[in-house]
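In: using only what follows, build the 3D model:
(2 chains)
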Amino acid sequence: MRIAIASGKGGTGKTIVATNLAVALAQDDHPVTFLDCDVEAPNGHIFLKPEITHCETVSVPVPEVNETLCTRCGRCGEFCQYSAVVCLGNAVLTFSDLCHGCGGCSLVCPDGAIREVPRVVGEVEWGPAGAVRFVQGRLRIGQARVPPLIRAVKTHLPQTGIAILDAPPGTSCPVVETIRDADFVLLVAEPTPFGLHDLRLAVETVRQVKIPHAVLINRANPGGRELRPYCDRVGIPILLEIPEDRRIAETYARGELAIRTVPAYAGWMRALFGRMRHEALV
Amino acid sequence: MKEIVVLSGKGGTGKTSLVACLAALADRKVLADCDVDAADLHLVLAPRMLQREEFRGGKQAYILPDRCAACGECAVYCRFDAVRFDGPATQVVGKTYRVDPIACEGCGVCVHVCPAQAVELAPAVSGEWYVSETRHGPLVHARLGPAGENSGKLVTIVRNGARDIAEARSLDLVIVDGAPGIGCPVIASMAGASMVLGVAEATLSGKHDIERLAGLAVHFGIPMLVCINKADLNAEVTAAMNGWCRMRGISVVGSIPYDRRFSEAQAQGKSLLELGDGVTARAVRALWRETRTALESRR
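Out: Just a heads-up that it's a prediction; the model follows:
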């Protein structure tokens, strides 16, 4: 079962839930793979402390123009939808930051003057973290193209067992790339006005991608009651409420797992998994 | 005119809550919410919308089933895994190809390679952006459609919109509320700005991610300041962060305690400063004084 942990808003507790869930299930002898798809700010390693045994660079193809073969016909520039190739009179300029790597420019060039060269966007690293198989992507600083790196992380999805995908915050292409082909999306939300607003956006995104989903309310407190009426109205089950607890925040700050310091946490994670499995089947 | 961009690497460190406070403290400025994925600043600033514009982020391919001969060339050339063999049957073939609009990046390669001219590109409306007036001055903000593409492009539109207003009204400052991460929308909100204010949270994750953000600021040659939020959550991490910043020549311009009144303020649609004075409010005012001094010392 492939479970993606996502949220519209950042800092709602995706990584806390994802890492604790991974370890709690591994303790019950489930085969668990943890994939950190938040490649811009990957933090799962801080809590799982993996021993990285493998590292692979990930690159995207970007155009390189051979000036001697180029006849300045301008077709590449006309074709490119991203302004990554621009023809200005006597020069062809390429902007690899803007390139999506579609290969169109080299395809339309009648003179064979464009070839594709790799541009490194980041690394995929993996290795064991106790009983959990750990995989993460790390975007190189200054690189903008995130989806190809997430695709590379996801080539490590196991055929069987449990995969937990820690998604980046937001609602745009990196999130879609992470949750695509997941069996279930767990949306971690906090009971604040920002939390509710961004949960709505996340729900719209998950519904577009058409994946079964449910909500976990993190840092629940007696004051914040906004989320439940919304979830009831749109028919999204709330699978778990984790109470606001400064001990959990402090454990997180130190880079430790909550299941080690808050005794109830492991039980919550087991119950959560049972409910997610049930919801995914319904 | 100067432009300060509030970023954090990690999400949920308090960027928007602090920007709402800076909005109350700074004079003669325009606000820009460049977290177009999950924009929240308007929830505190209660904007009155003056202008609303459509955002066309890019294009999208679609296959005309009647013309599709099911040859599969489009699927062979598509680099985004966006072509599926599950389109409707025609009089000629039992199944046609179909473009998954979520995966399609609108490159047009399928249009080019289709021998039957069965694929077309159409502009995809993927959001809106707005110019509004608030109690703390003008705000430019946006909404990217669900599962939207090209958030970087929308960020640039919002930033340019805010700069245009600042110029037209001779205002001195643009305050940008940025997105989490260090990828495309963050790069779009940072490039060419006067200064980055990094809001770091006193957790190991917060430290890890602010260091990556600092690397990005160096990459683009933008000076950076750091404010440590929830500073009393872990004294060791706060000390380590201070040390790291000192080593890198980054000024730590503020230290804000972990304060649940930020959530209270949010619930009331206010900034923390509007709840009255206190230790945290004083820390926020000190943050702004330091930030303003640092901004003014730049040409």
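In: got a pLDDT number for B:S126?
Out: Model confidence at B:S126, given as pLDDT, is 84.
In: for it, which non-adjacent residue is closest in space?
Out: Leaving aside its chain neighbours, B:S126 sits nearest to B:G57 (3.8 Å; criterion: C-beta to C-beta, 6 or more residues apart in numbering or on different chains). All C-beta atoms are positioned from the backbone trio N, CA, C, and that covers glycine.
In: wait, what's in contact with the one you found?
Out: Residues in contact with B:G57 (C-beta atoms under 8 Å, 6 or more residues apart in numbering or on different chains) are B:124, B:126-127, B:144, B:148-151, B:153-154.
In: make JSON lines out of the residues you listed and add secondary structure and neighbour count.
Out: Listed next are the contacts of B:G57 as JSON lines, based on DSSP: H, G, I helix; E, B strand; the rest coil; neighbours: other C-beta atoms under 10 Å in any protein chain shown:
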{"residue": "B:A124", "secondary structure": "strand", "neighbour count": "20"}
{"residue": "B:S126", "secondary structure": "strand", "neighbour count": "24"}
{"residue": "B:G127", "secondary structure": "strand", "neighbour count": "25"}
{"residue": "B:L144", "secondary structure": "strand", "neighbour count": "29"}
{"residue": "B:G148", "secondary structure": "coil", "neighbour count": "25"}
{"residue": "B:E149", "secondary structure": "coil", "neighbour count": "25"}
{"residue": "B:N150", "secondary structure": "coil", "neighbour count": "25"}
{"residue": "B:S151", "secondary structure": "helix", "neighbour count": "30"}
{"residue": "B:K153", "secondary structure": "helix", "neighbour count": "22"}
{"residue": "B:L154", "secondary structure": "helix", "neighbour count": "28"}
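In: got the end-to-end distance for stretch B:85-100?
Out: 10 Å (C-alpha to C-alpha, to the nearest Å).
In: residues contacting the spatially most central residue of chain A?
Out: In chain A, the residue lying closest to the centroid (C-alpha atoms, centre = their mean) is A:A167, at 2.8 Å. Contacts were defined as C-beta under 8 Å, 6+ apart; by that measure A:A167 touches A:4-7, A:14, A:37-38, A:174-175, A:178-179.
In: host element of the residue lying closest to B:V44 once chain neighbours are set aside?
Out: Counting by C-beta to C-beta, 6+ apart, the nearest residue to B:V44 once its immediate chain neighbours are dropped is B:A20, at 4.3 Å. Here B:A20 sits within helix B:15-25, counting by DSSP states H and E.
In: quick revisit: for the residue nearest to B:V44, grab the count of nearby residues.
Out: By other C-beta atoms under 10 Å in any protein chain shown, 28 other residues sit near B:A20.
In: quick one: it from B:V196, how far?
Out: According to C-beta to C-beta, to the nearest Å, B:A20 and B:V196 sit 18 Å apart.
In: ok, now A:S172?
Out: Remark: distance between A:S172 and B:V196 (C-beta to C-beta) = 22 Å.
In: now B:P101
Out: Counting by C-beta to C-beta - B:P101 and B:V196 are separated by 35 Å.
In: tell me which of those two has more neighbours.
Out: A direct count of neighbours by other C-beta under 10 Å for B:P101 and B:V196 places B:V196 higher, at 26 against 14.
In: surely that one is in a strand?
Out: Yes: per DSSP: H, G, I helix; E, B strand; the rest coil, B:V196 lies within a strand segment.
In: if you drop the residues flanking it in sequence, what lies closest to it?
Out: B:M224 (4.3 Å).
In: wait, that neighbour sits on B:S194?
Out: No: if you go by C-beta atoms under 8 Å, B:M224 and B:S194 don't touch, sitting 11.0 Å apart.
In: roughly how far apart are B:D172 and chain A?
Out: B:D172 is 28 Å from chain A, where distance means C-beta to the nearest C-beta, to the nearest Å.
In: hang on, isn't that residue packed against B:E3?
Out: No: using C-beta under 8 Å, B:D172 makes no contact with B:E3, being 10.3 Å away.
In: need the strands for the chain, in chain order.
Out: Picking chain A for this. Counting by DSSP state E, chain A has strands at residues A:2-6, A:32-36, A:54-65, A:85-88, A:91-94, A:114-129, A:132-139, A:162-166, A:184-189, A:213-220, A:238-243.
In: meant chain B, my bad for not saying
Out: Assigned by DSSP E, the strands in chain B fall at B:2-7, B:29-33, B:48-63, B:83-87, B:96-99, B:119-134, B:137-144, B:173-177, B:195-201, B:224-229, B:251-255.
In: which of those sits closest to A:D183?
Out: A:D183 lies closest to strand B:83-87 among the strands of chain B, at 18.6 Å (C-beta to C-beta).
In: for the closest one, which positions count as buried?
Out: B:83, B:87 (16 or more other C-beta atoms under 10 Å in any protein chain shown).
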